[in-house]
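In: Sequence first, predicted model second:
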Amino acid sequence: LREWRALLELPVAQLPEPLWPVPDPMGGLAALVLSRAAGVPLSQALRGADAALVAGALAEALRALAAVHAAGWVHGDLHGGNVLLDLDAADGPAVALLDLGLADRAGALPAGPGLVQFAAPDRLRGAPADPRDDLFALAGSVWLAWCAVPAWPGYPARMPLSGEMPQMPPGLDGHPDIVA
């Protein structure tokens, strides 16, 4: 239901168009039928790519996120499997954002952190959804896809326990303006 609502409210070209919901017998939503999105997962498309392609893909992903954020939403589960890159698009690399199952309005308490290794420290702490969460996740996803190693090895090794504070990734310590 969360993803259906987000897709209906977000007039963003880089999101698949919601076609119809598939109800479950208990009155909920079993699945969504969406328009087909062209491309391959970012996690595959950037492996070993040249810097110009990586920069172009990153710029397109940032444009897509800017539209989502401008509408007051946070994707909440951004990673290389949820970003498709279409290298055959007429105007250069095109991006499609997938899986808005954890999307929230900015400022809302998130339903979950998404993939832990890409979740911003504040998202792991349960802080309200913030567009910077998506930027943190995109940076880590692009780095992993391009270089085949995590941006911050060992971050986080696991979901923090209740009341436990996740550590900032190495290199970001002392930079509170980078991650909320």
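Out: Yep, it's here. Here the structure is a predicted model, which means the values were calculated and not measured. Numbering: from 1, shown residues only.
In: Settle this for me: residue 11 is touching residue 68, isn't it.
Out: No. Look at residue 11 against residue 68 with C-beta atoms under 8 Å: they stay out of range, at 10.4 Å. C-beta: built from backbone N, CA, C; applies to glycine.
In: Name the residue in those two with the higher neighbour count.
Out: Taking other C-beta atoms under 10 Å, residue 11 and residue 68 do not tie; residue 68 has more neighbours (23 against 9).
In: which ones are touching the more buried one?
Out: Applying C-beta atoms under 8 Å, 6 or more residues apart in numbering, we find residue 68 in contact with 10, 12, 15, 74-75, 97, 134.
In: biggest helix in the chain, by residue count?
Out: helix 51-70 (DSSP state H).
In: Give me the helices and strands touching the very next helix or strand once past it, please.
Out: For helix 51-70, the following helix or strand on the C-terminal side (DSSP states H and E) is strand 73-74. The contact analysis (3 or more C-beta pairs under 8 Å, 6 or more residues apart in numbering; DSSP states H and E) places strand 73-74 against strand 104-105, helix 131-147.
In: switch the cut-off to 10 Å
Out: helix 2-9, helix 51-70, strand 104-105, helix 131-147 (3 or more C-beta pairs under 10 Å, 6 or more residues apart in numbering; DSSP states H and E).
In: just to revisit the earlier point, lowest-confidence entry in the contacts of residue 68?
Out: Lowest pLDDT among the contacts of residue 68: residue 12, with 83.
In: which residues does that residue contact?
Out: Applying C-beta atoms under 10 Å, 6 or more residues apart in numbering to residue 12 gives the contacts 6, 63-68, 70-71, 73, 96-97.
In: quick one: the longest helix of the chain to chain centroid distance?
Out: Centroid displacement of helix 51-70 relative to its chain, using C-alpha atoms, centre = their mean, to the nearest Å, is 12 Å.
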